[in-house]
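Enquirer: Need a 3D model of the sequence below.
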Amino acid sequence: MAVNKRLAHFLVDATAETVYTNVTGTVTKITSVTLAQPAAGVATTIRLTIGTDVTAGSRWFEYPVPAGAGTYIFYPHVVLSGTEIVQASSVSADDVVVCTISGVVDAA
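Expert: Numbers count the residues shown, from 1 in each chain. The predicted structure is shown next:
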């Protein structure tokens, strides 16, 4: 039985980094992305990509987080297969926004 679970929980860096790797033989459905920023947070744009973040075409999520405290929840329903990776980056700030990615992992 598939259960929704936290796949990744991290501070978003200014440099793109891998935050989740799908496992061979499974299909992962990303069901939610939560962004949380403290009161002292500066404005930035958060990007999530499938594969390495080398082109805008690989980006499936890009959200401009305003300055100041806030929590933002999205329900993208993105599907990963094989050994696809998710990378995350922040356009203008390092380690300000906390990101949580949740989803369901099933056998392929």
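Enquirer: contacts, neighbours, all on C-alpha from now
Expert: OK.
Enquirer: Please identify the helix or strand for residue 18.
Expert: Using DSSP states H and E, residue 18 sits within strand 17-21.
Enquirer: contacts for the helix or strand following that strand?
Expert: Next in sequence after strand 17-21, counting helices and strands by DSSP H and E, comes strand 26-37. The contact list for strand 26-37 (Cα atoms under 8 Å, 6 or more residues apart in numbering) reads 4, 22, 68-82, 96-108.
Enquirer: repeat for stretch 68-77
Expert: 29-43.
Enquirer: out of these, which are buried?
Expert: 29, 30, 31, 32, 33, 34, 35, 36, 37, 41, 42, 43 (16 or more other Cα atoms under 10 Å).
Enquirer: Tell me, what's the model's pLDDT at the fifth one?
Expert: Going back to what we said before, that points to residue 33. The model reports residue 33 with a pLDDT of 98.
Enquirer: and the spatially most central residue of the chain, what are its bridge partners?
Expert: Centroid check for the chain by Cα atoms, centre = their mean gives residue 48 as the closest residue, at 4.9 Å. In this entry, residue 48 is beta-bridged to residue 61, residue 88, by DSSP bridges.
Enquirer: Show me the shaky parts of the protein.
Expert: Counting by pLDDT under 70, the chain contains low-confidence residues at 1.
Enquirer: That one: strands as residue ranges?
Expert: Here the chain has its strands, by DSSP state E, at 5-11, 17-21, 26-37, 44-50, 59-65, 70-74, 78-80, 85-90, 98-107.
Enquirer: Could you identify which of those is most buried?
Expert: Highest mean neighbour count of the strands of the chain: strand 85-90, a mean of 23 (counted as mean count of other Cα atoms under 10 Å).
Enquirer: how distant is that strand from the center of its chain?
Expert: Centroid separation for strand 85-90 versus its chain: 6 Å, with Cα atoms, centre = their mean, to the nearest Å.
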